[in-house]
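**Student:** Structure of the sequence below:
(3 chains)
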Amino acid sequence: MAYWLMKSEPDSFSIDDLRSAGQAPWDGVRNYQARNFMRNMQPRDSFLFYHSSCKPPGIAGIGEIVSEPYPDRAALDPENPYHDAKASEDRLPWVAVNVTLSKKFPTLLALADIKQLNGLDGLPLLHKGNRLSVMPVTPQQWAILTAAT
DNA sequence: GCCAACGTTGGC
DNA sequence: GCCAACGTTGGC
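**Tutor:** Numbering: from 1, shown residues only, chains lettered A, B, ... in the order given. Sure thing, here's the model as predicted:
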């Protein structure tokens, strides 16, 4: 079982939205490095639900991957905000997974607090200028982050 | 709103 | 294949 961190802007999809939905697709990832990580996801993997581009940014809770990766057909829909004009039935490079909420943290683990923790130097989230929206989390990093709430 | 960092695009 | 221009991300 693997661990991940995935970013979402709460204005478009928040941890409360996931709670309301019960199960939801995590789609719209349009970056190849992030896509490659998603291809390695498996059911029962866990992920940290990160709220980005908000005040304050941080980890809002824990979710679970509940499907194999599958083609992200939102890319084919011109009306969809994640439409990719270069995608087609024959060439659909993007993937989605279905996710559920495991638990919402009582309080957000803010990025400012995460930066104070020791042992997270390898986490891409903390690297300057990092924009990766899906990243792996090691078991050690997972233990540090989930113990900090 | 600003801007640094990074990915993508397109001319050559 | 290079690289300048441009668009996007995302913290502050």
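**Student:** From now on I want contacts and neighbour counts done on CA atoms only, so please keep to that.
**Tutor:** OK.
**Student:** ok, which stretches of chain A are strands?
**Tutor:** Secondary structure of chain A by DSSP state E: the strands cover A:3-8, A:23-26, A:46-51, A:58-65, A:70-71, A:95-110, A:134-137.
**Student:** who touches residue A:38 in this structure?
**Tutor:** Residue A:38 is in contact with A:69, A:95-97, A:134, counting by Cα atoms under 8 Å, 6 or more residues apart in numbering.
**Student:** Check chain A for the residue nearest DNA strand B and tell me.
**Tutor:** Nearest to DNA strand B, among the residues of chain A, is residue A:129, at 3.4 Å (Cα to the nearest atom of the strand).
**Student:** and that residue, how many neighbours does it have?
**Tutor:** 8 (other Cα atoms under 10 Å).
**Student:** on that earlier part again, take the strands of chain A and lay them out in JSON lines including distance to residue A:123.
**Tutor:** Converted to JSON lines, the strands of chain A look like this (distance: least, Cα to Cα, whole Å):
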{"stretch": "strand A:3-8", "distance to residue A:123": "10"}
{"stretch": "strand A:23-26", "distance to residue A:123": "21"}
{"stretch": "strand A:46-51", "distance to residue A:123": "13"}
{"stretch": "strand A:58-65", "distance to residue A:123": "13"}
{"stretch": "strand A:70-71", "distance to residue A:123": "26"}
{"stretch": "strand A:95-110", "distance to residue A:123": "15"}
{"stretch": "strand A:134-137", "distance to residue A:123": "7"}
